[in-house]
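In: Sequence first, then the predicted structure, then my questions.
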Amino acid sequence: EAGVTQFPSHSVIEKGQTVTLRCDPISGHDNLYWYRRVMGKEIKFLLHFVKESKQDESGMPNNRFLAERTGGTYSTLKVQPAELEDSGVYFCASSQRGTLQYFGPGTRLTVT
Amino acid sequence: GEDVEQSLFLSVREGDSSVINCTYTDSSSTYLYWYKQEPGAGLQLLTYIFSNMDMKQDQRLTVLLNKKDKHLSLRIADTQTGDSAIYFCAERAYGGDYKLSFGAGTTVTVRA
């Protein structure tokens, strides 16, 4: 069974540009989550999808971040326009129910 | 509150036992987790414990939970060089809210 995959693994963009991160969850997992780790600090929750619906987006930092999960399969997280403080590692996770969340390898975003 | 605290660094000699500690503040935590991140890799779910348990053992890993003191620990027996990684403690609160709250991670270095 394939695990959670994320693309790209690393992205370097300039301040003001747009970046779109993609996450493919484990097949059959209705729950999909986005988390972020900034500058070696704790990993923070961004949002949670159940199928295509946003269940909880309380962790989204501001309206420059837009997450979608059309069709309830893969998800994208777009940052527009990117700021320096958006640099960090963005993790995606999925779960069948809520108990065990399996994480992808992360996307390292560097905004210069 | 959802604060999770961990010490940042631990150095241990190969063959010794490692003990990684974590404290949390949310008394409604239902599940507590340990994730491992090896260099250049994603988050790997190591083990988890339900809040009505005091201890869980899985091969070289022992998880101890002191719910009264809100203290969680992970003991790794016979630590090997492959155990060098960042270890994250995480909690999930009670209810339908599936988001995990993480600590900042403990970097474990195994020396020969």
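Out: That came in fine, so what should we check first?
In: if I pick residue 55, what's in contact with it?
Out: In the absence of a named chain, chain A is used. A:Gln55 sits next to A:Asn31, A:His48, A:Phe49, B:Tyr98 when contact means C-beta atoms under 8 Å, 6 or more residues apart in numbering or on different chains. (C-beta placed from N, C-alpha, C; glycine too.)
In: The intended chain is chain B.
Out: Per C-beta under 8 Å, 6+ apart, neighbours of B:Met55: B:Ile49, B:Thr62, B:Val63, B:Leu64, B:Leu65.
In: Starting from the helix or strand encompassing the second one, tell me which strands it pairs with and how they run.
Out: Using DSSP states H and E, B:Thr62 sits within strand B:61-66. Strand B:61-66 has its sheet partners listed here by DSSP bridges as strand B:55-58 (antiparallel), strand B:71-76 (antiparallel).
In: Can you tell me which of those is most buried?
Out: Counting by mean count of other C-beta atoms under 10 Å in any protein chain shown, strand B:71-76 has the highest mean neighbour count of those, with a mean of 20.
In: between the very next helix or strand once past that strand and strand B:71-76, how big is the angle?
Out: Downstream of strand B:71-76, the next assigned helix or strand under DSSP H and E is strand B:85-93. Orientation check (axes from the mean of the first three to the mean of the last three C-alpha atoms, to 10 degrees): strand B:85-93 against strand B:71-76 gives 140 degrees.
In: Output the contacting helices and strands for the helix or strand following strand B:85-93.
Out: Scanning forward in sequence from strand B:85-93 by DSSP H and E, the next helix or strand is strand B:100-102. Other elements packing on strand B:100-102 under the criterion 3 or more C-beta pairs under 8 Å, 6 or more residues apart in numbering or on different chains; DSSP states H and E are strand A:31-37, strand A:43-50, strand B:85-93.
In: Let me see the ranges of the strands in chain A.
Out: Using DSSP state E, the strands of chain A run over A:5-7, A:10-13, A:19-24, A:31-37, A:43-50, A:53-56, A:65-68, A:75-79, A:88-95, A:102-103, A:107-111.
In: Please convert the ones you listed to JSON lines, extending it with distance to B:Tyr31 and mean pLDDT.
Out: Converted to JSON lines, those look like this (distance: least, C-beta to C-beta, whole Å; pLDDT from 0 to 100):
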{"stretch": "strand A:5-7", "distance to B:Tyr31": "24", "mean pLDDT": "97"}
{"stretch": "strand A:10-13", "distance to B:Tyr31": "31", "mean pLDDT": "98"}
{"stretch": "strand A:19-24", "distance to B:Tyr31": "22", "mean pLDDT": "98"}
{"stretch": "strand A:31-37", "distance to B:Tyr31": "14", "mean pLDDT": "96"}
{"stretch": "strand A:43-50", "distance to B:Tyr31": "15", "mean pLDDT": "95"}
{"stretch": "strand A:53-56", "distance to B:Tyr31": "17", "mean pLDDT": "94"}
{"stretch": "strand A:65-68", "distance to B:Tyr31": "24", "mean pLDDT": "97"}
{"stretch": "strand A:75-79", "distance to B:Tyr31": "23", "mean pLDDT": "98"}
{"stretch": "strand A:88-95", "distance to B:Tyr31": "11", "mean pLDDT": "96"}
{"stretch": "strand A:102-103", "distance to B:Tyr31": "14", "mean pLDDT": "96"}
{"stretch": "strand A:107-111", "distance to B:Tyr31": "26", "mean pLDDT": "97"}
